[in-house]
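Sequence plus predicted model, see below.
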2 protein chains.
Amino acid sequence: MSFSFDLLKQGKGTAARRGRFHTSHGIVNTPVFMPVGTQGTVKAVTPDDLRRLGAEIILGNTYHLYLRPGHELVRDLGGLHKFVGWDRPMLTDSGGFQVYSLGDLSKITEEGVKFQSHIDGSYHFLTPERSIEIQEALGADIIMCFDECPPHPSSYDYTSKSLDMTIRWAKRCLEARKRDDNALFGIIQGGMYADLRRRSAEETATLGFEGYALGGLSVGEPKPLMYEMVEATVPFMPVDKPRYLMGVGTPEDLVECVDRGIDMFDCVMPTRNARNGMLFTTRGKLVIRNSQYERDERPVDESCNCYTCSNFSRAYLRHLFKAKEILSSTLNTIHNLSYYITLMSQMRRAIEEDRFVEFKKEFYQLRADDDI
Amino acid sequence: MSFSFDLLKQGKGTAARRGRFHTSHGIVNTPVFMPVGTQGTVKAVTPDDLRRLGAEIILGNTYHLYLRPGHELVRDLGGLHKFVGWDRPMLTDSGGFQVYSLGDLSKITEEGVKFQSHIDGSYHFLTPERSIEIQEALGADIIMCFDECPPHPSSYDYTSKSLDMTIRWAKRCLEARKRDDNALFGIIQGGMYADLRRRSAEETATLGFEGYALGGLSVGEPKPLMYEMVEATVPFMPVDKPRYLMGVGTPEDLVECVDRGIDMFDCVMPTRNARNGMLFTTRGKLVIRNSQYERDERPVDESCNCYTCSNFSRAYLRHLFKAKEILSSTLNTIHNLSYYITLMSQMRRAIEEDRFVEFKKEFYQLRADDDI
């Protein structure tokens, strides 16, 4: 097994912790944010851009890559790392979440999920075994169990039965593994029910995974409820394994959930919002199309050292956005990813230096100031 | 005057020549291809990408920048170089060509051209004086005279009267200049009439510009006719000034027209075709969406050293194109510009080494081979 996790330091006055995991493609420092490379590319940036940004790990979406170009093609061409030109660690999800959210008319049984492709309407059947087979063909360093992600809101009864099936599926995923050069993470479900989250965490942990994820959060519930669910789950997750909060979130979410003991995050927000002209700054959000930036010579964020902020004004970025130039998406994405990656790096340092509580206070103080 | 041109070497057995011009933003080696940055960006690539590609000069379109974000805004923010983050030489066209081709219902009089914006339908009036004023506000190193570019085909009589007006406009452009840190190029018209081309060349030359362009070519006429017009014009253009063939062209056009004594080219073809998945190679064109590339592990062009060819397979580029990923445009643009810029560099070396005739022969031999 080439995957291992070291818990380097437990934060002071917080559940935040500083860790590091090792994969066959290198080391990842936690807490970490993983840019999402849905279809074999983090949208609008090159692998070189990502390296310059200091991204240590990126995510690929199994659902998308399975449908196009197909996992067998990717495997035959040397695996996902080689195919997309990224030689650092990668993680693939199981395809489950997209099957439920993108696949048409998905039908769930004990065996697995039947769904229609969002690309051409063709029928497909995804099972725990099939998801592992596809993910092993793609060849990421971390792969995920195939789970059921119940819609929000779901009844207690449905959520309870669903998490039981997810646990049975998790066992099938473990049994389906053929490779030993990657890590398989279990996924904790349980909706918005603290006792179900605890049960799911405990039962999943007994199965013995290299890491554990919280699924089914950030699905429309109020923020305090999401934080409450994280708080209700983390204490029952193994201390010596990485904890991954899937599909989260805003900068505030990252700070709040690092504070609650989460080690890994992924979210399309920095990249998607970039393409829509919504930029993250230490002082809050900046909507670049706004006319107030028409002649604004300042960089997006004066405290940012990214390529975009080092070279271009808000006025220029506004012009590119209004002119619908591709470079708008690229420069905005570089900045937003830089913001996220820098935020994580600041949190890692704060934990190391026993000042995470102060860091969090300052983080909110900066945002209280309305002058972006 | 900070612009000067050195004719370094006259090719052997060809009208091709090796030169170099100096601007306040640096040196440009000729023959040169200038990537087109229409709206303040060469589409889909960053200034850093362009530097890595070895681009020595890029073009901006006055028509587009005048309409959005406006030349006064660009001037107030420090000029086009600063606005777009490009510190090497730049050239702006006069806006004329786009007024005729993009502006709705343009109406031409001796005074100038009235047209409607393609963005919002607003009315504008462009004159030689106004074009120079706008270009000087943008602040490129080379600016162009405002000319009339008659449609193809046009009658002898219309073309003759039009070029007379273009010459009167050229005088007005000279008189309208206020800056002395840039170069102003005259534009030779004359349609597809060799004697009119000669007259336009001779009369424009007497006005005394820092360089001379051929306008009104590559407007739908057959290739042999375009080459004939270049041949009919070049001998009457000053030897000691750069010669710029506007809006041209294919790789074959570049080779043929360098052979006929042209020093500068610009064209949207490498960038636009890149976005449409049409890639240039030493062996001819490659349409990346074609199914034959589905599992093709080779780079686009095995003799190319660009970022795209060094890191990505045809199979991956096909996937990106089919998935409509922004990275498809970026990687394809990097390759196509690399192809164009490398082709020019090869021609410069061939001229220096007195083997341009052999180079041209090899250029066509490679393309005769059907196996891309």
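Looks like it arrived, so ask away. Numbering: from 1, shown residues only, chains lettered A, B, ... in the order given.

what about the strands in the stretch 101-250 of chain A?
Taking DSSP state E, counting those that start in this stretch as the test, the strands found in the stretch 101-250 of chain A are A:104-108, A:113-116, A:123-126, A:142-144, A:183-188, A:211-214, A:243-245.

Quick one: list the elements packing against the last one.
By that I understand strand A:243-245. The criterion is 3 or more CB pairs under 8 Å, 6 or more residues apart in numbering or on different chains; DSSP states H and E, and the helices and strands that strand A:243-245 contacts are strand A:211-214, strand A:264-266. Every C-beta, even on glycine, is put in place using the N, C-alpha and C of the backbone.

among those strands, which is nearest chain B?
When those are ranked by distance to chain B, counting by CB to the nearest CB, first place goes to strand A:264-266 at 18.3 Å.

can you tell me the average pLDDT over the very next helix or strand once past that closest one?
Going down the chain from strand A:264-266, the next helix or strand is helix A:269-275, by DSSP states H and E. Taken as a whole, helix A:269-275 carries a mean pLDDT of 98.

For helix A:269-275, enumerate the helices and strands it packs against.
For helix A:269-275, the elements it packs on are strand A:278-281, helix A:326-352, judged by 3+ CB pairs under 8 Å, 6+ apart.

what's the offset of the shortest one from the middle of its chain?
In this view, strand A:278-281 has its centroid 18 Å away from the chain centroid, taken as CA atoms, centre = their mean, to the nearest Å.

after it, next one along is what?
strand A:284-287.

Just checking: what are the partner strands of that next one?
Looking at strand A:284-287 with DSSP bridges, its partner strands are strand A:278-281 (antiparallel).

which residues does the nearest residue to A:Glu210 once chain neighbours are set aside bridge with?
Spatially, and ignoring its direct neighbours in sequence, A:Glu210 is nearest to A:Ala183 (3.7 Å; CB to CB, 6 or more residues apart in numbering or on different chains). Taking DSSP bridges, one finds A:Ile142 as the beta-bridge partners of A:Ala183.

Contact residues of the stretch 251-372 of chain A facing chain B?
A:294-295, A:297, A:307, A:311-313, A:315-316, A:318-320, A:322-323, A:325-327, A:329-331 (CB under 8 Å from any CB of the partner chain).

For ChimeraX, what selects the buried ones among these?
Selecting only the buried entries of those in ChimeraX, with 16 or more other CB atoms under 10 Å in any protein chain shown as the criterion:
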select /A:294,307,311,312,313,315,316,318,319,320,322,323,325,326,327,329,330,331
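
what separates the nearest residue to A:Asp301 once chain neighbours are set aside from chain B, distance-wise?
Closest residue to A:Asp301 in three dimensions, ignoring its sequence neighbours and counting by CB to CB, 6+ apart: A:Thr281, at 4.0 Å. In this view, A:Thr281 and chain B are 20 Å apart by CB to the nearest CB, to the nearest Å.

Does A:Thr281 touch A:Val300 like I think?
Yes: at 6.1 Å, A:Thr281 counts as touching A:Val300 under the criterion of CB atoms under 8 Å.

These two: which has the busier surroundings?
Just comparing A:Thr281 and A:Val300: by other CB atoms under 10 Å in any protein chain shown the higher neighbour count belongs to A:Val300, 26 against 21.

Model confidence at A:Gly96, what's the number?
As predicted, A:Gly96 sits at a pLDDT of 88.

dump the residue contacts of it.
Shown here is A:Gly96, whose contacts under the criterion CB atoms under 8 Å, 6 or more residues apart in numbering or on different chains are A:113, A:126, A:131, A:146-149.

rerun at 6 Å
Counting by CB atoms under 6 Å, 6 or more residues apart in numbering or on different chains, A:Gly96 touches A:146-147, A:149.

which residues does the residue nearest the centre of chain A bridge with?
When CA atoms, centre = their mean is applied to chain A, the residue found nearest the centroid is A:Asp266 (1.3 Å). Under the criterion DSSP bridges, A:Asp266 forms beta bridges with A:Met34.

Now do the contacts for it.
For A:Asp266, the contacting residues are A:34, A:36, A:59, taking CB under 6 Å, 6+ apart as the criterion.

Closest one to B:Tyr339 out of the residues you listed, please.
Nearest to B:Tyr339 among these is A:Val36, at 31.8 Å by CB to CB.

Just the pLDDT for the closest one.
What the model reports for A:Val36 is a pLDDT of 98.

Check whether it really touches A:Leu59, as I assumed.
Yes: counting by CB atoms under 6 Å, A:Leu59 is a contact partner of A:Val36 at 4.9 Å.

one step back: among the helices and strands packed on strand A:243-245, which is the most enclosed?
Looking across those with neighbours counted as mean count of other CB atoms under 10 Å in any protein chain shown, the highest average goes to strand A:211-214: a mean of 26.

Please work out which residues outside it touch it.
Outside of strand A:211-214, the residues that reach it under the criterion CB under 6 Å, 6+ apart are A:185-188, A:233, A:237, A:241-246.

Most neighbours of all those residues, which one?
Neighbour counts for the contacts of strand A:211-214 were taken using other CB under 10 Å; the highest belongs to A:Ile188, which has 34 neighbours.

circling back to that earlier point, now render the helices and strands packed on strand A:243-245 as TSV, adding mean pLDDT.
Putting these into TSV (pLDDT from 0 to 100) gives the following:
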stretch	mean pLDDT
strand A:211-214	98
strand A:264-266	98
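
Make a markdown table out of those and add distance to A:Val74.
Converted to a markdown table, those look like this (distance: least, CB to CB, whole Å):
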| stretch | distance to A:Val74 |
| --- | --- |
| strand A:211-214 | 23 |
| strand A:264-266 | 20 |
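
Let me know which of these is the nearest to A:Leu174.
Set against A:Leu174 and scored by CB to CB, the helices and strands packed on strand A:243-245 come closest in strand A:211-214, at 13.2 Å.

Off-centre distance for that closest one?
The mean C-alpha position of strand A:211-214 is separated from the chain mean by 12 Å, CA atoms, centre = their mean.

cool, and stretch A:180-196?
The mean C-alpha position of stretch A:180-196 is separated from the chain mean by 14 Å, CA atoms, centre = their mean.

That stretch: which residues count as buried?
A:182-193, A:196.

Same check on stretch A:124-136?
Under 16+ other CB under 10 Å, the buried positions of stretch A:124-136 are A:124, A:126-136.

Give me the subset of those residues lying in helices.
Per DSSP state H, helices hold the following members of the buried residues of stretch A:124-136: A:128-136.

quick one: the residue nearest to A:Glu210 from A:Glu362, how far?
Counting by CB to CB, to the nearest Å, the separation of A:Ala183 from A:Glu362 is 34 Å.

can you check A:Ser338 too?
Here the distance between A:Ser338 and A:Glu362 works out to 19 Å (CB to CB).
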